[in-house]
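Asker: what's the 3D shape of this:
(one chain, ligands or ions: 1)
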Amino acid sequence: MSALLRQNDRALVGASPIFEEREAGMNGPGVSTKPKMGAGITVRNLSRHYGTTKAVDDVSFSVEAGEFLTLLGSSGSGKSTTLMMIAGLVEPSAGQILIDGKDVSQLVPEKRNLGVVFQSYALFPHMNVFDNVAFPLKMRGISRAEIERRVKATLEMVELDSRRGYRVGQLSGGQQQRIALARALVFEPPVLLMDEPMGALDRRLREQLQREVKEIQQSLGITVIYVTHDQEEAMLMSDRVGIMAEGRMQQIGAPREIYEAPRTPFVAAFLGESNFLRVRQTATGWEVCPDGAANSAGSLEAMVRPEDLHLLSPGQTAALSLEGVVRYVEFPGGAMRLLTDTPAGPVEVRLHRHEAGTLREGERVTLGWSDRDMVLFGAEGRARQETAP
Ligand SMILES: Nc1ncnc2c1ncn2[C@@H]1O[C@H](COP(=O)(O)OP(=O)(O)OP(=O)(O)O)[C@@H](O)[C@H]1O
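Answerer: Okay, the predicted model is just below:
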């Protein structure tokens, strides 16, 4: 994979025709190379098979101009292969890729107008930090003063201006990633493809860069397709998140939408924490079925998030409730975590410290929740329409 990238990286980093178009007729310092807007991308029935492995299997989605879309999934789910096909670095077995409505499936990478930061993306080892980042600008004949200004600003953003004279080999893996990010951002392409660009960064810097990247993306109006297996990163940064598993797009939507209204038990379990129970509608409301009565007549699979459960005090009611015994209480900072044993099986609960009070192992509790906070799945394992908010 990296050999392929190395072979193409000059083209991707430096020889994008966007710059020629934008710079045409312009000269000297102070020239703006900001794109007016990002480009829209449509992926239609995209597949890539390796022998019997369906790395990507009939995936379709659209990204609007200026939108930040993240492909989220566990290792091997097909995220990188999807991104590589969009970049033109992997040939699809089937399907189409359109940029601003134009089919680019047959175009070489450098004709696609895309900026790229990939996991295994090669910096130019013979160049120092400054020259790596300056490279795309030099290729476009931008003035020295303007190159100096922009490279400095971009290096400051990734906190590496002090390393401008270092060679790539003198940098840590994390620093190299940040230089790769700087090199992709410095030429402000209308579309940026990023594959785990923050994988090697420590938490503090990662959070800072997440914000910076998001700010830059918004201020430039560029389109970003981002790949990560980090849920929090995906939820924080993205306008929409596409959940991938086994080469297929499971669900795509705004972070809150996929969290609050997962279409399948898989998506519900993959994102955040979840309790699965069976429930049945009664004449007066809902009841929770005991564990083991899994397929009792008229019951449905339901999911409720641990933070949507509350402790009911005596006499207090809720649309749904369940008695339990506390198996353990943990405090990792933030919310208190409880595991309770109930007739419907173990149920996880997140409570504010004040609500948890002095609860201890072995205590009896009554858990309650609103039917609004419950996602119901039909027999075919898909969310039932009437439960959607
Ligand atoms: N060049 C290849 N040859 C054979 N199989 C491949 C190739 N590239 C990817 N695959 C397979 O396709 C599947 C999807 O891989 P892909 O790299 O797209 O997943 P991913 O979601 O990006 O995972 P990761 O987060 O680990 O990079 C995996 O099973 C992988 O082994």
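Asker: next up, identify which helix or strand residue 175 is on.
Answerer: Using DSSP states H and E, residue 175 sits within helix 173-185.
Asker: neighbouring contacts of that helix?
Answerer: 13, 115-118, 121, 123, 129, 132-133, 135-136, 151, 154-155, 157-160, 163, 168, 171, 192, 194, 197-202, 205, 209, 213, 216 (C-beta atoms under 8 Å, 6 or more residues apart in numbering). Just so you know, the C-beta spots here come from the backbone N, C-alpha and C atoms, and that holds for glycine as well.
Asker: which residues in this protein form helices?
Answerer: Applying DSSP state H to the chain gives helices spanning 2-14, 17-23, 79-87, 129-138, 144-157, 173-185, 203-220, 231-237, 255-260, 265-270, 353-356.
Asker: so which of those helices is the most packed in?
Answerer: A comparison of the helices of the chain by mean neighbour count, using mean count of other C-beta atoms under 10 Å, puts helix 79-87 on top with a mean of 25.
Asker: the stretch 201-350 of the chain against the ligand: which residues are in contact?
Answerer: Contacts of the stretch 201-350 of the chain with the ligand, taken as C-beta under 6 Å from any ligand atom, map to residue 229.
Asker: looking at the helices of the chain, spot the one closest to residue 249.
Answerer: helix 79-87 (8.8 Å; C-beta to C-beta).
Asker: which elements pack onto the closest one?
Answerer: Contacts defined by 3 or more C-beta pairs under 8 Å, 6 or more residues apart in numbering; DSSP states H and E place helix 79-87 against strand 41-50, strand 53-63, strand 68-72, strand 94-99, strand 114-117, strand 191-195, strand 223-228.
Asker: want to throw those into TSV with mean neighbour count and mean pLDDT?
Answerer: Shown next, in TSV, are the helices and strands packed on helix 79-87 (neighbours: other C-beta atoms under 10 Å; pLDDT from 0 to 100):
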stretch	mean neighbour count	mean pLDDT
strand 41-50	18	98
strand 53-63	19	97
strand 68-72	25	98
strand 94-99	18	97
strand 114-117	26	86
strand 191-195	25	93
strand 223-228	26	96
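Asker: could I get those strands as JSON lines with distance to residue 259?
Answerer: Putting the helices and strands packed on helix 79-87 into JSON lines (distance: least, C-beta to C-beta, whole Å) gives the following:
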{"stretch": "strand 41-50", "distance to residue 259": "23"}
{"stretch": "strand 53-63", "distance to residue 259": "18"}
{"stretch": "strand 68-72", "distance to residue 259": "12"}
{"stretch": "strand 94-99", "distance to residue 259": "28"}
{"stretch": "strand 114-117", "distance to residue 259": "27"}
{"stretch": "strand 191-195", "distance to residue 259": "22"}
{"stretch": "strand 223-228", "distance to residue 259": "16"}
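Asker: quick one: closest of those to residue 287.
Answerer: Among the helices and strands packed on helix 79-87, the nearest to residue 287 by C-beta to C-beta is strand 68-72 (34.8 Å).
Asker: and the closest one, which strands flank it?
Answerer: When pairing is defined by DSSP bridges, strand 68-72 lines up against strand 223-228 (parallel), strand 240-245 (parallel).
Asker: what is the end-to-end distance of stretch 270-279?
Answerer: 21 Å (C-alpha to C-alpha, to the nearest Å).
Asker: name the surrounding residues that touch it.
Answerer: Identification of contacts with stretch 270-279 by C-beta under 8 Å, 6+ apart yields 74, 231, 243, 245, 250, 258-259, 262, 265, 268-269, 286-289, 293-294, 296, 299-306, 309, 320, 322, 344-345, 347-348, 350, 374, 376.
Asker: try it again with 6 Å
Answerer: By C-beta atoms under 6 Å, 6 or more residues apart in numbering, the residues outside stretch 270-279 that reach it are 259, 268, 286, 288-289, 299-300, 302-304, 306, 344, 347-348.
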